[in-house]
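Engineer: All I have is the shape, not the residue letters:
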């Protein structure tokens, strides 16, 4: 395979951004910080330390960071057995893998959290590689996570597409020279994603799956990529229609 489909997870393949918002808000409240939920939401997608920098500033008492992060992790872990995948997330990954794309997950999650997220998605058969915040020194919006994924996939930036839901995703991808595709299902407005570098924006995985044939995946994949994506996506769409009618 000479092309890679890179995917963020939270807010992109799983409907978990707002669970993170609740967990961070409660962890911050327990530590005596009152941070508006909308501010926390805008910071989701950053690694824990960077998220705290963004919300509390560089001059905070950093000796409490580990306790804050641990509180968030404990609260979020209570949902591990019922994390919801977004509509058609698994179908999208399988469609791309079936048409010759190497599917790689690129997430700010830690290893234990990644395992729960992969169970929620339910498409391990389509996932070739996965990278977490434990694999790099700098997380998104730095380009390191995306570059790490490219190295694992063994493809150049121009043969890859990154799909994410936050401005941090878009910036990380574009800084790594990879085409960025945004999804609205994480709650970030279209204008913000486009300003951060999104070449195209779709509603959710189901919307991207339905429009793969004229998406950035078709462009990055060349003629083979176009034909493969259109053929497999057409099969998936027909199956979905048949199931709905049945």
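Structural biologist: Okay, I see it. Only a predicted model underlies this, so the values are computations on that prediction, with no experimental measurement involved.
Engineer: got the residue ranges for the strands in the chain?
Structural biologist: 4-7, 102-106, 127-131, 160-164, 179-183, 200-202 (DSSP state E).
Engineer: which stretch among the ones you listed comes nearest residue 192?
Structural biologist: With respect to residue 192, and counting by Cβ to Cβ, the nearest of the strands of the chain is strand 179-183 at 8.8 Å. Quick note: C-beta positions are derived from backbone N, CA and C, even for glycine.
Engineer: Starting from that closest one, tell me which strands it pairs with and how they run.
Structural biologist: Note on strand 179-183: by DSSP bridges, its sheet partners are strand 160-164 (parallel), strand 200-202 (parallel).
Engineer: any chance of the strands of the chain in JSON lines, plus distance to residue 66, mean neighbour count and mean pLDDT?
Structural biologist: JSON lines is the format used below for those (distance: least, Cβ to Cβ, whole Å; neighbours: other Cβ atoms under 10 Å; pLDDT from 0 to 100):
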{"stretch": "strand 4-7", "distance to residue 66": "29", "mean neighbour count": "29", "mean pLDDT": "98"}
{"stretch": "strand 102-106", "distance to residue 66": "25", "mean neighbour count": "24", "mean pLDDT": "98"}
{"stretch": "strand 127-131", "distance to residue 66": "23", "mean neighbour count": "19", "mean pLDDT": "96"}
{"stretch": "strand 160-164", "distance to residue 66": "27", "mean neighbour count": "29", "mean pLDDT": "98"}
{"stretch": "strand 179-183", "distance to residue 66": "32", "mean neighbour count": "27", "mean pLDDT": "98"}
{"stretch": "strand 200-202", "distance to residue 66": "36", "mean neighbour count": "20", "mean pLDDT": "98"}
